[in-house]
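1. Generate a structure from the sequence data that follows.
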Amino acid sequence: EHSIPNSCFTWRNTDLRCDYASEIPMGIATEALKKVIIMILNGEKLPGLLMTIIRFVLPLQDHTIEKLLLVFWEIVPKTTPDGRLLHEMILVCDAYRKDLQHLNEFIRGSTLRFLCKLKEAELLEPLMPAIRACLEHRHSYVRRNAVLAIYTIYRNFEHLIPDAPELIHDFLVNEKDASCKRNAFMMLIHADQDRALDYLSACIDQVQTFGDILQLVIVELIYKVCHANPSERARFIRCIYNLLQSSSPAVKYEAAGTLVTLSSAPTAIKAAAQCYIDLTIKESDNNVKLIVLDRLVELKEHPAHEHVLQDLVMDILRVLSTPDLEVRKKTLQLALDLVSSRNVEELVIVLKKEVIKTNNVSEHEDTDKYRQLLVRTLHSCSVRFPDMAANVIPVLMEFLSDSNEAAAADVLEFVREAIQCFDSLRMLIVEKMLEVFHAIKSVKIYRGSVMTEVRRSLGEIPIVESEIKKEAGELKPEEEIPVGPVQKLVTEMGTYATQSALSSSRPTKKEEDRPPLRGFLLDGDFFVAASLATTLTKIALRYVALVPEKKKQNSFVAEAMLLMATILHLGKSSLPKKPITDDDVDRISLCLKVLSECSPLMNDIFNKECRQSLSQMLSAKLEEEKLSQKKESEKRNVTIQPDDPISFMQLTAKNEMNCKEDQFQLSLLAAMGNTQRKEATDPLASKLNKVTQLTGFSDPVYAEAYVHVNQYDIVLDVLVVNQTSDTLQNCTLELATLGDLKLVEKPSPLTLAPHDFANIKANVKVASTENGIIFGNIVYDVSGAASDRNCVVLSDIHIDIMDYIQPATCTDAEFRQMWAEFEWENKVTVNTNMIDLNDYLQHILKSTNMKCLTPEKALSGYCGFMAANLYARSIFGEDALANVSIEKPIHQGPDAAVTGHIRIRAKSQGMALSLGDKINLSQKKTSI
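-> Alright, predicted model coming up:
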């Protein structure tokens, strides 16, 4: 109990007290003053120390001491218990006055900044002449802090300086320094807006010559004035136009945003959009590019602005010069949304140039993905504007031989759709296909292509015998093998080292030394053989229908059957790395049977009904796209109901005007992490729903936390209440996390007076999408008690995964690829009392925040069974896939509950498990 007073007594007598101030060692005085400040912050009362510091520390001429003293004067109690100013503070006030007249501009400026924090008018009143005099100091640092001090004093104690707006206005007119002018103008905006507007009107033609910090404040003033009083728009909109030409990117960005809110005229929208495009092209930071592109996307969402942006599509495409994939993706999507019959030709020309450019760039993962994006964009243009297909197809078909399988698959999908939809282009497509067919590298592309040069790709047949001969060394590498009257095959592409065919460890030549299709088959990929059999059957049946000569018919059909038979033989032999599957054997055997019988029914199925099925699939896909576009356009269109009240701007009351969203206020809230979502208007989505009680009402310390989830971090705003009659010292919130969460910094300890309360904020960084738990306790010391530290254990805070998951879309091919790649799977058994399959699916979609990729048409109707693919993406870029396979057991009656399984796949274990837990918790729907 006596240790603290003794130590204070020691400091007073040895460290801070001396007969001559100059004799105190600076290091000792500095350390002692720091300890005193910490003790006062911890709630210690040191009444006798104030005079000691005034006598022995205040006269010291040291910059570190000066800084510490400013902190000390800010926190030390300056009044008696009855609220009167301490007599000692008169001496301190005199020291302030001397510092305000000090020759060193840093000391003057620091003192002026300190005076902004003083709340005692009696201390400030004697200093007003010195503060006014600082406005005329030669150094800008002193002048700009003098403006801040005058503004703060005027705001808190107007009677001390009633003429502050006039004083600052005169100062602003004569001031040359940009930072001083900015502070002065900022004060006039908040203290006397009319004077600020008068000054702006007087110098509106010189605004372009001002510094960027002042220009930003001018933009903010114009926005606020026009927001509150729309009649002022005509007065200041020209100034905003001029600021679009500012040399500062920040000013241009704010001016463009302000111009859009002030005017919806096409010229204003075009000027703002052009400014955004220039910023996107010139700024090197990719994050800035993405933010500015988002502004352009927002402009496009407005129906009245869309046609203006359509004229700027070519300018927008200049952003494609950026190497970043995300920027390019967003730019292409924006351009595709804005494409029209007027600009589609120019767009296609630019995209074709970009596609050709990707050939000249060294192979890189992003280059491949960019090429894929370009292919998809050209595909969409051709579907929406069929006249463009003839220009696009020749360029794209070169990429069927691309090493990037995904880009080649997109081209193939496009070609398949084009050959089905555009009859006039069929000859062109077939010719180009024959040109590039021999260069195709991917088995999947082979499988989907038209199998014309089949013999060239297969090599010598029968395959098994020729392979055994080659491996036994009976064929020479340079020997040529005649295949037929048209196709030629060089044996260099099918030569192997000499070794027994029965050897399991025979060495193989390079992949390019064997014909491509033969290589796929020897690698064990017989699914391509099943596709080949179907294709050969269709070609043979069509050949029979077109060519009347019986001999030619039989010859062609026999050749096709020979190819299938030799593939079957190869599959059953020991030569391939993997044997042929039963499914592929069944498919090839079926095709052999169809060709041997040539029945009219099979002819119809293979050549007519298969094509009709493809046509129906493409039509359904096109219909789905049109439906989604229609929904998007309906969202954008502002519909007004017949009985909605009409709001006239001129008749709107001032308090109603203020209810409109203030963009500057919203951006400030966003920067502070207090982003208000639209759902917040709903009482159920208020803050109270996110408050978690951490301790009981009977605990000595009551605590509750508001959990605010930002994009990459969680802010815990913890209210701590001292429910005892004691002072709690070193009250510390100690937190720990479970899962992929990390506490950014430990909250500082604080002192709580009896029945006092305080708010403690803690930031938790989130690294991935998985459920997390935050737990901990509150520890404190009771003032004057000899016992150990007290501890109150807190309840756990569970972080919901749904705050990070957003619905997303992907193609079927991407879904299948991710499904094959992702290694973590979580299988959840359906356990619900819901009886309708569609209702259960909608319930899962709502509870998991995922999007259903399966088209509505595929889910419509009722057959007692449903399968659907779901997809979502986290804000960290993690993908989550789910496959819902459910059925309604009809034999159990109409009231039987839905049964089945949901399989979840994700790249990380945490996400797969967390989504499974979420489904398990939510799928039990309580009976109404």
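2. pLDDT (mean, whole number) over stretch 907-920?
-> The predicted model gives stretch 907-920 an average pLDDT of 84.
3. now stretch 29-40
-> On average, stretch 29-40 scores 84.
4. pLDDT wise, what is Asp788 at?
-> So, for Asp788, pLDDT stands at 72.
5. Begin at 42 from now on, thanks
-> All set: I'll call the first residue 42, so the last point we hit is now Asp829.
6. you'd agree it is in a strand?
-> No: using DSSP: H, G, I helix; E, B strand; the rest coil, the secondary structure at Asp829 is coil, not a strand.
7. burial of it, as a residue count?
-> 8 (other Cβ atoms under 10 Å). For glycine as for every other residue, the C-beta is placed from the backbone atoms N, C-alpha and C.
8. can you check Asp564 too?
-> For Asp564, using other Cβ under 10 Å, the count is 16.
9. Tell me if I'm right that Ile814 and Thr778 touch.
-> Yes: using Cβ atoms under 8 Å, Ile814 is in contact with Thr778, at 7.1 Å.
10. Between those two, which is the more surrounded one?
-> Set Ile814 next to Thr778 and count neighbours by other Cβ under 10 Å: Thr778 wins out with 19 against 13.
11. Which pLDDT value goes with the spatially closest residue to the more buried one that is not a sequence neighbour?
-> Of all residues not flanking Thr778 in the chain, Ile815 sits nearest, at 5.4 Å (Cβ to Cβ, 6 or more residues apart in numbering). pLDDT recorded at Ile815 is 88.
12. Any chance you could list what contacts the host helix or strand of Ile815?
-> Taking DSSP states H and E as the definition, one finds Ile815 inside strand 813-823. Residues outside strand 813-823 that contact it (Cβ atoms under 8 Å, 6 or more residues apart in numbering): 736, 742, 744, 755, 757, 761, 765, 767-782, 793, 805, 807, 830-835, 837-840.
13. could you redo the last one with a cut-off of 7 Å?
-> 742, 744, 761, 767, 769-782, 805, 830-835, 837-840 (Cβ atoms under 7 Å, 6 or more residues apart in numbering).
14. which neighbours does the host helix or strand of Lys806 have in its sheet, and in what orientation?
-> Assigning secondary structure by DSSP H and E places Lys806 in strand 798-807. Strand 798-807 pairs in its sheet with strand 754-763 (antiparallel), strand 782-784 (antiparallel), by DSSP bridges.
15. tell me the mean pLDDT for that strand?
-> 87.
16. List the buried residues in it.
-> With burial defined by 16 or more other Cβ atoms under 10 Å, the residues of strand 798-807 counted as buried are Ile801, Ala803, Val805, Val807.
17. With respect to Phe856, which of those is nearest?
-> Val807 (26.2 Å; Cβ to Cβ).
18. Hmm, Ile755 and the closest one touching each other?
-> Yes: applying Cβ atoms under 7 Å, one finds Val807 in contact with Ile755, separated by 6.2 Å.
19. Relative to Leu779, how far out is Gln315?
-> 51 Å (Cβ to Cβ, to the nearest Å).
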